[in-house]
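In: Generate a structure from the sequence data that follows.
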Amino acid sequence: MPLNALQDQLSFLREIDRLKSVVRQSPLLDKSRNENSAEHSWHLGLYALVLAEYANGTVDINRVTKMLLLHDIVEIDVGDYPIHGGSSAELQAEQEGQAAARIFGLLPTQQGDAFLSLWQEFERAESDDAKFAKALDRFQPLLINVFTDGGTWNQNGVSMEQVFSRYGPAIKRGAPALWDVCEEWVTQHFSNRTTATPQQIEN
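Out: Numbers count the residues shown, from 1 in each chain. Presented below is the predicted three-dimensional model:
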């Protein structure tokens with residue numbers, strides 16, 4: 001490996017350490033603090049490994065995991081855009097595209113281009129791999145909201161209909177069996193907000 005390529009790779013790895021400082025709206029399940037984007041990406045990688053059997057279609061779980069580890073790196077430059085934040089989708093896409101070009105551009109060209117291509121594939125959510133990755137990216141915060149008594153839904157005044165419309169399409173496309181579970185959780189949560197969170201479904 002040429003020395004300058006190694007230097008570029010180490011520069012990239014130092015840069016993405018900043019993702020640990022990007023705080024998301026979603027709390028930890030113990031409600032002690034909010035998670036950061038690096039934790040979110042790591043957790044989604046494990047979701048992919050554990051829940052691979054629920055993907056809609058045949059997926060390459062190695063590619064899915066790579067997408068999930070890379071998908072939020074752009075937040076180093078633009079921060080987290082919460083799903084309930086009401087931000088402009090066009091502005092978000094433009095800013096995140098610029099961030100992806102800069103950050104992946106720190107790597108040697110061939111490696112950086114490969115990572116950028118995976119990031120773009122995730123954003124388009126057209127391939128089976130990307131659809132499953134996108135489904136998990138919606139499933140994880142939904143689970144967190146349900147099992148923290150409403151979490152960011154309460155903070156943003158989100159209704160059950162909004163949950164179904166904002167989370168449902170992506171999860172149903174990529175992991176319909178997971179959406180079946182989500183429908184039960186969400187319906188129970190909004191029908192009985194004052195009670196304890198739903199019991200975890202046993203296998």
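
In: buried sites along stretch 151-164?
Out: Within stretch 151-164, the residues scored as buried using 16 or more other CB atoms under 10 Å are 151-153, 158, 163-164. The C-beta positions use only the backbone N, C-alpha and C, and glycine is treated the same way.

In: Just the strands from this structure, written as ranges.
Out: Assigned by DSSP state E, the strands in the chain fall at 23-27, 34-36.

In: Redo these as JSON lines? Include mean neighbour count and distance to Leu49.
Out: Formatted as JSON lines, the entries for the strands of the chain read as follows, by neighbours: other CB atoms under 10 Å; distance: least, CB to CB, whole Å:
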{"stretch": "strand 23-27", "mean neighbour count": "18", "distance to Leu49": "20"}
{"stretch": "strand 34-36", "mean neighbour count": "18", "distance to Leu49": "19"}
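
In: Distance to Asn56 added to those, as a markdown table?
Out: Written out in a markdown table, the entries for these read as follows (distance: least, CB to CB, whole Å):
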| stretch | distance to Asn56 |
| --- | --- |
| strand 23-27 | 24 |
| strand 34-36 | 26 |
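
In: if we compare those strands, which one ends up closest to Leu3?
Out: Comparing the strands of the chain against Leu3 with CB to CB, the closest turns out to be strand 34-36 (32.4 Å).

In: Go ahead and measure how far that closest one is from the middle of the chain.
Out: Centroid displacement of strand 34-36 relative to its chain, using CA atoms, centre = their mean, to the nearest Å, is 13 Å.

In: now do stretch 128-139
Out: Its chain's C-alpha centre and that of stretch 128-139 lie 8 Å apart, by CA atoms, centre = their mean.

In: got a list of contacts for that stretch?
Out: Counting by CB atoms under 8 Å, 6 or more residues apart in numbering, the neighbours of stretch 128-139 from elsewhere in the structure are 44, 47-48, 51, 55-60, 63-64, 67-68, 71, 83, 121-122, 124-125, 166-167, 170-175, 178-179, 182.

In: Can you turn the buried part of the residues you listed into a PyMOL selection?
Out: Buried members of the contacts of stretch 128-139, identified by 16+ other CB under 10 Å, are gathered into one PyMOL selection as follows:
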select buried, resi 44+47+48+51+55+56+59+63+64+67+68+71+83+121+122+125+167+170+171+172+173+174+175+178+179+182
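
In: what distance separates the biggest helix by length in the chain from the centre of its chain?
Out: For the chain, the helix with the greatest residue count under DSSP state H is helix 128-146. Averaging C-alpha positions (CA atoms, centre = their mean) puts helix 128-146 6 Å from its chain's average.

In: Check stretch 46-54 too.
Out: 14 Å.

In: so for that stretch, what's the average pLDDT?
Out: Average pLDDT, stretch 46-54: 98.

In: who touches it?
Out: With CB under 8 Å, 6+ apart as the contact definition, stretch 46-54 has outside contacts at 59, 61, 64-65, 68, 132-133, 136, 139-140, 175, 177-178.
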